[in-house]
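Enquirer: Predicted model, plus sequence, below.
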Amino acid sequence: MEQTLLYPCVNAHRNFTLLDGLWNMQFDPRSEGIREGWQNGLPEPFSMPVPASFADIFTEKEKRDYCGDFWYETTFYLAEDDARDVLLRFGSVTHRAEVFVNGISAGSHEGGFTPFVLNITDLVRFGRRNRISVRVNNELNETSIPCGTTKVRSDGTKLARPYFDFFNYSGIQRSVHLMRIPEEAILDYDTKITLNGKDACISYNVLTSGGHTVTAEILDARGSLVSDCEGTSGELTVRDARLWEVRDAYLYTIVFRIVDENGNEADKYPAQLGIRTVEVKGGKILLNGRPVYLKGYGKHEDFEVIGRQFSWAVAKRDFELMKWTNANCFRTSHYPYAEEWYRMADEEGFLIIDEVPAVGMMRSLMNFADAGVGGKDTRFFTADTVKQLQENHRSQLEEMIVRDKNHPSVIAFSIFNEPETTYPEAREYFTPLFEYARSLDVQERPLTGALLVNSTPGKDTCAELCDFISLNRYYGWYILGGPELGDAEAAFRREMDDWKKICADRPIVFTEFGADTYAGEHKLPGVMWAQEYQNECYEMNFRVMDSYDFVQGELVWNFADFQTTEGIMRVNGNKKGIFTRNRQPKDAAFLLKKRWETK
Ligand code: GCB
């Protein structure tokens, strides 16, 4: 059976048990677990919640910063066989996992931010308890995405050295589902939407693991049938369609069924459907044919204690705060988020730029600063690791698009964050990845990638691959900060004048700009790190952006303060949040709220 990334659901044919809870865990610093048979039971385990990032749960520093192999294990009971397949679905294991069921290898996965599903039907024992063991590894290198390196300290222990600016949270960070699905099952589907006046045409494709008849139906929000069709592909027409709009998110339900030769239903998969189109045309981003200006945030999955674990409560608070500031969009910087984020955005009418974890593609522990100051160039894309890196990039791009393609909230895919783009090998590296992404998305959504400060017109080689250009720019912070804010504005305008010459029909969206701000700090006149300066810096940036029509979006950096690696550039994390890590507003939140009310 081919892998199915469809979100789990329960009905007459499908069910699941959540395996979340307290699991056993053990570090394996000498990578001896397999040799010693740990897949048959951990010798000295301690308990660890799943899902969660393990780091901030510990009080001991060597455990918080642990880097290398580590194991999780739990057991589950499976009732008597009922002829359905048994699947084990991990929402994410960071960064790589090998899974054993009852001591036998069930499969492995590379990539810490997308789900993987293993068919374990032949490995489980019915009417008995079964053991799942997972060997995880969280090391960074230059073939994994995100990129980084692993340092060995003098005592022989390993330390992750990310080439990116967020903590290397790891573990089983998302839910684990034990699923039952029919042997002949719906595995995947996609939809493409065209609007014809007031009507919408939804063409679909369904992938199943058998040859029986497939049917498709669309129901409105009250559950009334509005259209139906037969076949693994077909077209459904919705007359007088109610469109999915920003902050006014009408959702239909699309239901696929497999029907056997006796007319009996063999499988059913229902999903939400938002009817909307997205395209870039005439220098604008169009949603349902009308221009939309993107207002919002670059975010992180990041919170006290739980690290990168998804929390319904924190996510709901984040949506409430984003709505309160009149935002309409966020970027899943710098990796695909838990699927629940997208389901909430579908319902709230938020727009998402969905980003693959291709971050750290420059050999530098402080690339955000290095590239700005000296125009640092590490020839990252000329190394012999690049072929393997590109394969990983490709498979994670595929998993992200396959997982997220049916969300109305997803309006664009971002293929990179701040790689070195200043020489031809970068262009050669990215061209096939953009082509591949285009071939995967039947909705033909815009593609983009966030460009680093030294990726400027004349130097950059990759902007042309993008349907809209995303810029990360820190004028007033890394470039000409504090007393030189006036010069920062002039330099910013000069750069924008250069983009104007080459961007005739291609919009620019700012995907990052901002200033570190310590929530307790106030000073008049404003100085860097004080709340007053964050406002001044944003006001300057907005003045410049408002002078150029081809700017079609502003996503500030960052929604909230977040955890990073320790270092002299960070005060227990990055403090560019508009909100604190506890989700309370800094002064800049009021500035944004006011601006975005009318923008
Ligand atoms: C960037 C990176 C982001 C950093 C940010 C910063 O350019 O894309 O990951 O956190 O700068 O605050 O330096």
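Expert: The structure has been received and is ready for your questions. Residues are numbered from 1 along each chain as shown.
Enquirer: Skipping adjacent residues, who's closest to the closest residue to the ligand within the stretch 151-300 of the chain in space?
Expert: Nearest residue of the stretch 151-300 of the chain to the ligand (Cβ to the nearest ligand atom) works out as D165 at 3.5 Å. From N, CA and C alone the C-beta is placed, and that goes for glycine too. Of all residues not flanking D165 in the chain, T564 sits nearest, at 5.4 Å (Cβ to Cβ, 6 or more residues apart in numbering).
Enquirer: Now do the contacts for that neighbour.
Expert: Neighbouring residues of T564 by Cβ atoms under 8 Å, 6 or more residues apart in numbering: 165-167, 570, 573-574.
Enquirer: R595 against F542, yeah?
Expert: Yes. Using Cβ atoms under 8 Å, R595 is in contact with F542, at 6.6 Å.
Enquirer: Would you mind writing the CA trace of stretch 13-33 as PDB?
Expert: The C-alpha trace of stretch 13-33 is given here as PDB (Å, rounded to 0.1, in the frame of the first residue of the first chain):
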ATOM      1  CA  HIS A  13     -14.800   2.200   8.200                       C
ATOM      2  CA  ARG A  14     -12.000   4.100  10.000                       C
ATOM      3  CA  ASN A  15     -10.900   4.700  13.500                       C
ATOM      4  CA  PHE A  16      -7.900   5.500  15.500                       C
ATOM      5  CA  THR A  17      -6.500   5.400  19.000                       C
ATOM      6  CA  LEU A  18      -4.300   8.300  20.100                       C
ATOM      7  CA  LEU A  19      -1.100   6.900  21.700                       C
ATOM      8  CA  ASP A  20      -0.300  10.200  23.300                       C
ATOM      9  CA  GLY A  21       0.600  10.100  27.000                       C
ATOM     10  CA  LEU A  22       3.600   9.200  29.100                       C
ATOM     11  CA  TRP A  23       6.100   7.100  27.200                       C
ATOM     12  CA  ASN A  24       9.500   5.700  28.200                       C
ATOM     13  CA  MET A  25      12.600   7.400  27.100                       C
ATOM     14  CA  GLN A  26      16.300   6.800  27.200                       C
ATOM     15  CA  PHE A  27      19.400   8.600  25.800                       C
ATOM     16  CA  ASP A  28      21.700   6.500  23.700                       C
ATOM     17  CA  PRO A  29      24.900   8.600  23.600                       C
ATOM     18  CA  ARG A  30      27.100   5.700  22.400                       C
ATOM     19  CA  SER A  31      24.600   4.600  19.700                       C
ATOM     20  CA  GLU A  32      24.600   1.100  21.200                       C
ATOM     21  CA  GLY A  33      20.800   0.600  21.500                       C
END
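Enquirer: picking up where we left off before, ok but the residue nearest to D165 is inside a strand, no?
Expert: No. Assessed with DSSP: H, G, I helix; E, B strand; the rest coil, T564 is coil; it does not lie in a strand.
Enquirer: From I479, how far out is it?
Expert: 20 Å (Cβ to Cβ, to the nearest Å).
Enquirer: The stretch 1-150 of the chain: strands as residue ranges?
Expert: Assigned by DSSP state E, counting those that start in this stretch, the strands in the stretch 1-150 of the chain fall at 15-18, 21-28, 46-50, 69-78, 85-90, 93-94, 96-101, 104-110, 116-119, 128-137, 148-152.
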